[in-house]
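> The following block contains a protein sequence and its predicted model.
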Amino acid sequence: MPSLQIRELPDDLYQRLVLRARRAHRSLSQQALDDLAKVLGRGSAVKRRALLERIAVEAGHAPNDPAITSPEILIREDRGR
């Protein structure tokens with residue numbers, strides 16, 4: 001797995017990262033990875049997919065049911081009401 005080293009990190013950014021890591025009970029590295037994932041969208045996409053699958057299961061549908069995952073089908077159904 002690749003690694004990243006950040007040089008000349010401004011003190012204020014470092015202190016904010018330290019504070020966020022402490023609040024979340026994480027290491028600096030874990031917090032930096034989490035923050036990067038959120039900024040780059042990876043974290044939110046994974047969470048969104050998991051939430052949609054949980055909603056589908058609770059509604060009695062299979063998580064990969066095209067009627068649930070296809071926006072086109074949902075829009076057609078909504079227009080038919």
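Received it, and whenever you're ready, just let me know what you need. Residues are numbered from 1 along each chain as shown.
> What distance do you get for Asp78 to Val57?
Distance, Asp78 to Val57, by Cβ to Cβ, to the nearest Å: 22 Å. All C-beta atoms are positioned from the backbone trio N, CA, C, and that covers glycine.
> again with Leu13
Remark: distance between Leu13 and Val57 (Cβ to Cβ) = 40 Å.
> try Arg16
38 Å.
> Grab the longest helix from the protein for me.
Looking across the chain with DSSP state H, the single longest helix is helix 42-58.
> Which helix or strand lies directly C-terminal to the lowest-mean-pLDDT helix or strand in the chain?
Lowest mean confidence among the helices and strands of the chain (mean pLDDT, DSSP states H and E): helix 66-69, at a mean of 60. Per DSSP states H and E, the first helix or strand lying C-terminal to helix 66-69 is helix 71-79.
> Give the rounded mean pLDDT of that next one.
What helix 71-79 shows for mean pLDDT is 81.
> Dump the C-alpha coordinates for it into PDB.
C-alpha atoms of helix 71-79 as PDB (Å, rounded to 0.1, in the frame of the first residue of the first chain):
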ATOM      1  CA  PRO A  71     -33.000   6.100 -10.800                       C
ATOM      2  CA  GLU A  72     -34.800   5.700 -14.100                       C
ATOM      3  CA  ILE A  73     -37.200   3.100 -12.800                       C
ATOM      4  CA  LEU A  74     -37.900   5.200  -9.700                       C
ATOM      5  CA  ILE A  75     -38.600   8.400 -11.800                       C
ATOM      6  CA  ARG A  76     -41.000   6.400 -14.100                       C
ATOM      7  CA  GLU A  77     -42.900   5.100 -11.100                       C
ATOM      8  CA  ASP A  78     -43.100   8.500  -9.500                       C
ATOM      9  CA  ARG A  79     -44.400  10.100 -12.800                       C
END
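> Now do it: which elements does it pack against?
helix 66-69 (3 or more Cβ pairs under 8 Å, 6 or more residues apart in numbering; DSSP states H and E).
> Perfect, that will be all.
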